[in-house]
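# Sequence first, predicted coordinates after that:
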Amino acid sequence: MRILIQRVSRAEVRASGQTVGSIGRGLLLLVGITHDDTVERVRAMAAKVVNMRLFPDLDGNSHFHRSVLDEQGDLLAVSQFTLYANCRKGRRPSFADAARPESAEALFERFVEELRVFPTHVETGSFGAMMDVSLVNDGPVSIWLDSAEVLPGK
């Protein structure tokens, strides 16, 4: 599982000309699912995201002191299979490492459910749709999480 986390002042996702998800201050999560992802991995990554210290403390002395929970911020999760692009050969990326849509959708929905366990507002994009994502990156802060790198034994 891969997640590109962006700390935002605001973010919005539109599909078919309609806003399907919108947040204020918080985290935009672009989420990629691969073949060997599991419910346990999804649960661990959700906990990792909401507890990461990505916001400044209240007096501005530390840039990475508070979590989205501490901040009482929002989350916007958007499925993005292109995070598993393999660009080693040729000019066209391969997405063979991305999970098939059927299994990816179930795990993405489970990831969202796991985020909703925590006391924070969660919005989503529209799985499998062409979407327009707009954001104001606060900082800018962008963090790359790969479960193979951040979870023990993965």
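Great, that's in hand.

# Name the single longest helix found in this structure.
What stands out as the longest helix in the chain, according to DSSP state H, is helix 101-116.

# what does that one rub up against?
Under the contact criterion C-beta atoms under 8 Å, 6 or more residues apart in numbering, helix 101-116 has outside partners 1, 31, 33, 35, 37-39, 42-43, 45-47, 49-50, 75, 77, 79, 81, 98-99, 122, 124, 127-128. Quick note: C-beta positions are derived from backbone N, CA and C, even for glycine.

# Over to stretch 84-91?
Arg2, Gly32, Thr34, Pro93, Ser94, Phe95, Ala96, Asp97, Ala98.

# Name the nearest residue to Gln6, sequence neighbours excluded.
In this structure, Gln6 finds its nearest non-sequential neighbour in Leu28, 4.5 Å apart by C-beta to C-beta, 6 or more residues apart in numbering.

# Across the sheet, point out what pairs with that neighbour.
Gln6, Leu76 (DSSP bridges).

# and the gap between it and His63?
Using C-beta to C-beta, to the nearest Å, Leu28 is found at 18 Å from His63.

# And for Glu12?
Counting by C-beta to C-beta, the gap from Glu12 to His63 is 25 Å.

# Also Met45?
23 Å.

# Those two: who's more crowded?
Using other C-beta atoms under 10 Å as the criterion, Met45 and His63 rank with Met45 on top: 25 against 12.
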